[in-house]
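*Asks:* what's the 3D shape of this:
(chains A and B)
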Amino acid sequence: MLQRMWSRLAESFGIGGRSRTDRLHDDAEAFVAMLTDEHIARGMAPDAARRAAVLEAEASESAREAVRDEEPRAWLRPLTQDARYAMRLMRRTPGLTLAVMAAIALGIGATTTTFSAVDAVLLRPLPYANADRLVVVLHRGTNPVSAANFLDWQRGTSASFEAMGAAEYWSPNLRGAGSPEKLTGLRLTPEILPMLGVQPAIGRWPAGGAGSAREVVLSDALWRRDFGADPRVLGRALVLDTDTDVVVGVMPATFHFAPFWATHAELWSGLDLAPRASQRGSNSLRVFAKLRERVPLARAQANVTAVTGALEAQFPGSNRNVTVTPLKDRVVGDVRPTLLVLFGAVACVLLLACANVAYLLLARAAAREREFAVRCAIGASRARVIRQLLTESVVLSVTGGVLGVALATLGVRAFTGLAAESVPRLQGMTIDARVLAFATVLSVLTGLVFGLAPARTLSRLNVNRGLREDDRGATSGRASRNLRRLLVASQVALVFVLLAGAGLLLRSFAALRTQDLGFAPEGIASFVVSVSGSSEAEPGRRLAFYNDVMARVRAMPGVESAAAINHMPLVGDIWGFPYVAFDRPQPKPEDRPSATYRVVSPGYFETMRIAVEGRTFTNADRIGAPPVVIVNHALAASTWPAESAIGKRLRVPFGDDQDWCTVVGVSRDTVRTDLHDVPEPEMFLPLEQNHAYQSNAAAHYAAMTLVVRARSDAASLVPAFRAAVHEAAPDVPVSEVSLLQEAVDRGADGARFTMALLGTFALVALTLASVGIFGVMSHDVAGRRREIGIRLALGASRGRVVGGVIRDGLLAAVSGLACGFAAAWVLRTVVEGLLFRIAPLDPATFAIATAMVATVATLGCLLPAWRGSRMNVGRELK
Amino acid sequence: MTDRSRTTGALLPGSLDMLVLQALRAEAHHGLGIARRIEQMTQGAFTVKVGSLFPALYRLERAGLVTSRAGESENRRQARFYSLTAAGKRRLRSETVTWRRLVGALAHALDPTS
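*Replies:* Residues are numbered from 1 along each chain as shown, chains lettered A, B, ... in the order given. Purely as a prediction, here's the structure:
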């Protein structure tokens, strides 16, 4: 009995001996055969006897199917049977199978890799609890907020937000045994951590109130690096700048905050805003909030707009353009267009691969016409034939898909290696369950898509035609000719779109790299010298210290010049202050223009090789001498259009230095934070005349960036710079060492990566399309061999015969180009965001792309046509 | 396609199985042989088609009442021959008794004279 159960189970899976379906086939065949014998014995002709036997036994294919369908697991067995047949077929035609596999593996591998990137960056939620409800509330979606505003907003929006907190950038010097270390951190109000839903791994979070600023929480990385992962670190005292703080907790290794702006923070402490509760002028906070459940973003935005509107009426200029943005958008919003464009491009490549594979299978289908004609004759239904063919193509595509996933693991590694720095959240890119599910579904769909063409063609066979010896058959009828035209046109369209896109990105990247930066970055090294908490910070000593360090550095062999600036372009922070021009109509305070605030030592412009009209700062420009300022071209043009700015006066109505300054020079516009920047107004004040940077004890005024131009290799001098600073003052740390040329190169990394990827896709597409068009046209010519032979024999010139074939192919190519143009027009806004100083419909790029596609299409049509016209007429007509 | 009502004696379930068992009582047959035998036994009232004969045979085989082996027909055709097992013989005997009783009762019930 057990054996019977076992054999029944085995049979239902079609393994272990002949399955019941095979038995039925054999039995039915034997039945019909014997019946046929009887008819023949009675005198019928063999064909007629067989047909009559089939009818009499009701053993037609559909009857047998009806029987099979009654058996248990009936639906599974035909599939497994078809699958095994498909694998036998694959083994019989190794060349074709290999070609198909390669195309599918490439297509699915590339698509899966790109999907993995899209998943890691765009789809996966941020690593916080209920991350989809986290938002940021900032001016213009990105600019910092003042303390008074934050507190007012917090009070007024509790209907929409279940919590609202603020974070402030904090960069203290950790002083202990050995040289001091500059750390990156954040001060957070007590609402933030509960909002994120993450618990400290050890200890606790700083409680609210005034004492929280003296309690710190370490990141896992900092804990391991500086404290040796000591489990008794809680309660340790640290000297951060001038304060003694105590460690109260350590966060888990997976915790990262903030996900944008201060992404490398490894130290968190409490933020006590009580002393600043009325400060509405200085903006340094980023505000995070959590929406209440089921409160839509629009309602929260309306709430915020109402609150800020009332505050704006009370304090004009303070509460403008405040928007509520989902945190995810703020983190990945910039890179979303690029990733989506890349995903679209790789989908085009996959479609191209499918078109090619469809054609290859169509060609193979032509060779199998007789096989299917016979099947139809003995009664196979059309649905059955389609099902079998689709199973075959799905088996092919799934096998190719498995290879594709293997390729994708390599692709993922390459992707992360190349782009992890420039794309947020890309480090999480991996082949996980979701990506595998995507790859599986994609493989099956791909198989269905390219299997449809041969399936439709073969199932519509006219049985009589198929059984004849004629080599034309169903694959050269009108329907299949249209199909071939469609294949050519679609390949041309897809290739054109990809080529045009890649060309645009190439030109955009070239423009980015060759633009005039305003300064000469080769040989420039910069580093931050932070005196906060050291004795050098005292007023009177600070300026002397900076000058001392600069003198030491200038004295080094290999150094051409050195200077100082508060924030370095491209790599440093950006501070904006409002300014007032002397002889201009005075705007209301809230409408005052603002400019980037730069404080520089004499020699800065010369060191950076920034051209200046007028003069630059000298040692004579010190406290006591007439206050001076240098403005950049953008500021001069917007404030004093059509006149020279030199001699004009302006002042900054904020902070420690509010005197009227005379403009003595106009400098060239330079890149500010990003290579894509449009020039913004900037003003330069001399360090020697600046009270804030010479005496203000606040940490953000107690640091300067030293800029050094080296004669040759700047990187090799960095240890010498550290030594020089250490000699001048051992308790002053050196941080943020950077080489400007590297920063410039890094700034173009994103554009380079996108361009390289899209260029690769375009080249792969071009290859696929070339092979595809050539193949389709060759097949067409081969199918018409007889017809061409006859026409040649009847005296038609080779030119006319060739011309007909070429015309057909070129017509398809032209319509494909037209579709390509249309697609490019439709997609122009999507691509625009990725381009730098190039229009999305740039004529030159389009012309080149058209030329490349036209060449490929023409060659693809000409070569087979030429071969067709050279055929041996006699041989073909036999 | 397959008209089951004509071939399986619609009103009485299991009657085809019975006929198959009876056809095999004397000796083993291949598929066509069984069909011919049934036709003969019922004097042409039942003509069994492929679509109903073989599922019935497989059913009986699964139930252990029938067994099969490969063989050669008169015309030297490869075919599968089916025969009764001991259990099949026993089942045939008991089913026949039940059947006769059933038919007798029905006949009595439907007799216009009683």
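*Asks:* looking at this, A:Val216 is in a helix?
*Replies:* No. A:Val216 is assigned strand when assessed by DSSP: H, G, I helix; E, B strand; the rest coil, not a helix.
*Asks:* so it makes contact with A:Val250?
*Replies:* No. Using CB atoms under 8 Å, A:Val216 is not in contact with A:Val250; the gap is 10.1 Å. From N, CA and C alone the C-beta is placed, and that goes for glycine too.
*Asks:* just the element for residue 38, please.
*Replies:* By default, I'm working from chain A. Using DSSP states H and E, A:Glu38 maps to helix A:20-41.
*Asks:* could you do chain B instead?
*Replies:* helix B:31-41.
*Asks:* quick check: mean pLDDT of that helix?
*Replies:* Helix B:31-41 carries an average pLDDT of 89.
*Asks:* for stretch A:500-520, same thing?
*Replies:* pLDDT averaged over stretch A:500-520 gives 92.
*Asks:* go on, stretch A:818-831?
*Replies:* Mean per-residue pLDDT for stretch A:818-831: 91.
*Asks:* from the contact counts, what lies against the strand or helix carrying A:Met777?
*Replies:* Using DSSP H and E, A:Met777 maps to helix A:749-783. The contact analysis (3 or more CB pairs under 8 Å, 6 or more residues apart in numbering or on different chains; DSSP states H and E) places helix A:749-783 against helix A:94-118, helix A:336-367, helix A:382-419, helix A:478-514, helix A:798-826, helix A:843-869.
*Asks:* now it: buried residues?
*Replies:* A:750-759, A:761-762, A:764-766, A:768-783 (16 or more other CB atoms under 10 Å in any protein chain shown).
*Asks:* got the CA positions of the longest strand along chain A in PDB?
*Replies:* Criterion DSSP state E: the longest strand present in chain A is strand A:161-170. Output of strand A:161-170 as PDB, limited to C-alpha atoms (Å, rounded to 0.1, in the frame of the first residue of the first chain):
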ATOM      1  CA  PHE A 161       2.600  66.800  14.200                       C
ATOM      2  CA  GLU A 162       2.900  64.400  17.100                       C
ATOM      3  CA  ALA A 163       6.400  65.700  17.700                       C
ATOM      4  CA  MET A 164       8.700  68.400  16.400                       C
ATOM      5  CA  GLY A 165      12.400  68.800  17.300                       C
ATOM      6  CA  ALA A 166      15.400  70.700  16.200                       C
ATOM      7  CA  ALA A 167      19.000  69.800  15.400                       C
ATOM      8  CA  GLU A 168      22.100  72.100  15.300                       C
ATOM      9  CA  TYR A 169      25.500  71.400  13.800                       C
ATOM     10  CA  TRP A 170      28.100  71.100  16.400                       C
END
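*Asks:* contacts for it?
*Replies:* With CB atoms under 8 Å, 6 or more residues apart in numbering or on different chains as the test, strand A:161-170 has contacts from A:137, A:145, A:147, A:150, A:153-154, A:157, A:185-192, A:194-195, A:257-258, A:261-262, A:267, A:269, A:271, A:273, A:284-293, A:300.
*Asks:* nearest residue to whichever residue of the stretch 501-650 of chain A sits closest to chain B other than its sequence neighbours?
*Replies:* With CB to the nearest CB, the shortest gap between the stretch 501-650 of chain A and chain B falls at A:Gly501, namely 56.0 Å. Closest residue in space to A:Gly501, ignoring its immediate chain neighbours: A:Leu758 at 5.7 Å, by CB to CB, 6 or more residues apart in numbering or on different chains.
*Asks:* what helix or strand does A:His726 sit in?
*Replies:* According to DSSP H and E, A:His726 maps onto helix A:718-728.
*Asks:* same for that helix, what does it pack against?
*Replies:* On a contact count with 3+ CB pairs under 8 Å, 6+ apart, helix A:718-728 meets strand A:524-530, helix A:542-555, strand A:734-739.
*Asks:* pick the most deeply packed of those.
*Replies:* Highest mean neighbour count of these: strand A:524-530, a mean of 23 (counted as mean count of other CB atoms under 10 Å in any protein chain shown).
*Asks:* picking up where we left off before, out of the helices and strands packed on helix A:749-783, flag the one nearest A:Tyr693.
*Replies:* helix A:478-514 (33.4 Å; CB to CB).
*Asks:* can you list contacts of the longest helix seen in chain B?
*Replies:* For chain B, the longest helix by residue count, based on DSSP state H, is helix B:86-110. Helix B:86-110 is contacted from outside by B:Met18, B:Leu21, B:Gln22, B:Leu24, B:Arg25, B:Leu60, B:Gly64, B:Leu65, B:Val66, B:Leu84, B:Ser114, using CB under 8 Å, 6+ apart.
*Asks:* ok but the fifth one is inside a helix, no?
*Replies:* No. Membership of B:Arg25 in a helix is not supported by three-state DSSP, which gives coil.
*Asks:* could you list the low-pLDDT ranges of chain A?
*Replies:* A:1-21, A:59-78, A:177, A:281, A:370, A:375-381, A:459-480, A:590, A:801, A:871-878 (pLDDT under 70).
*Asks:* spatially central residue for it, please.
*Replies:* Most central in chain A under CA atoms, centre = their mean is A:Leu339, positioned 3.0 Å from the mean C-alpha point.
*Asks:* and it, how far is that from A:Phe582?
*Replies:* Going from A:Leu339 to A:Phe582 by CB to CB, to the nearest Å gives 49 Å.
*Asks:* which residue is the nearest non-sequential neighbour of A:Arg622?
*Replies:* Once flanking residues are discounted, A:Arg622 sits nearest to A:Glu688: 4.1 Å by CB to CB, 6+ apart.
*Asks:* can I assume that neighbour is in contact with A:Ser601?
*Replies:* Yes. Contact criterion CB under 8 Å: A:Glu688 and A:Ser601 qualify, at 7.3 Å.
*Asks:* what is in contact with the two at once?
*Replies:* Any residue near both A:Glu688 and A:Ser601 by CB under 8 Å, 6+ apart counts here, and that gives A:Phe617.
*Asks:* the residue nearest the centre of chain B - nearest residue in space that isn't next to it in sequence?
*Replies:* Central residue check for chain B by CA atoms, centre = their mean: the C-alpha nearest the mean position is that of B:Val20, 1.8 Å away. Closest residue to B:Val20 apart from its sequence neighbours, by CB to CB, 6+ apart: B:Ala56 at 5.5 Å.
*Asks:* helix/strand/coil for that neighbour?
*Replies:* Three-state call for B:Ala56 (three-state DSSP): helix.
*Asks:* that one and chain A, how far apart?
*Replies:* Using CB to the nearest CB, to the nearest Å, we find B:Ala56 at a distance of 10 Å from chain A.
*Asks:* which pLDDT value goes with that residue?
*Replies:* 84.
*Asks:* OK, contacts around it?
*Replies:* B:Leu16, B:Asp17, B:Val20.
*Asks:* what's the helix or strand for A:Phe260?
*Replies:* Using DSSP H and E, no element contains A:Phe260; it sits outside every helix and strand.
*Asks:* surely it and A:Pro424 touch.
*Replies:* Yes. In this structure A:Phe260 lies within contact range of A:Pro424 using CB under 8 Å: 7.2 Å.
*Asks:* what touches both of those two?
*Replies:* Residues touching both A:Phe260 and A:Pro424 by CB under 8 Å, 6+ apart: A:Val331.
*Asks:* buried residues in stretch A:667-678?
*Replies:* The neighbour-count check on stretch A:667-678 (16+ other CB under 10 Å) flags A:Ser667, A:Arg668, A:Asp669, A:Thr670, A:Val671, A:Arg672, A:Thr673, A:Leu675, A:His676 as buried.
*Asks:* figure out how far that stretch is from the centre of its chain.
*Replies:* Mean-position distance between stretch A:667-678 and its chain equals 24 Å (CA atoms, centre = their mean, to the nearest Å).
*Asks:* thank you kindly, that will do.
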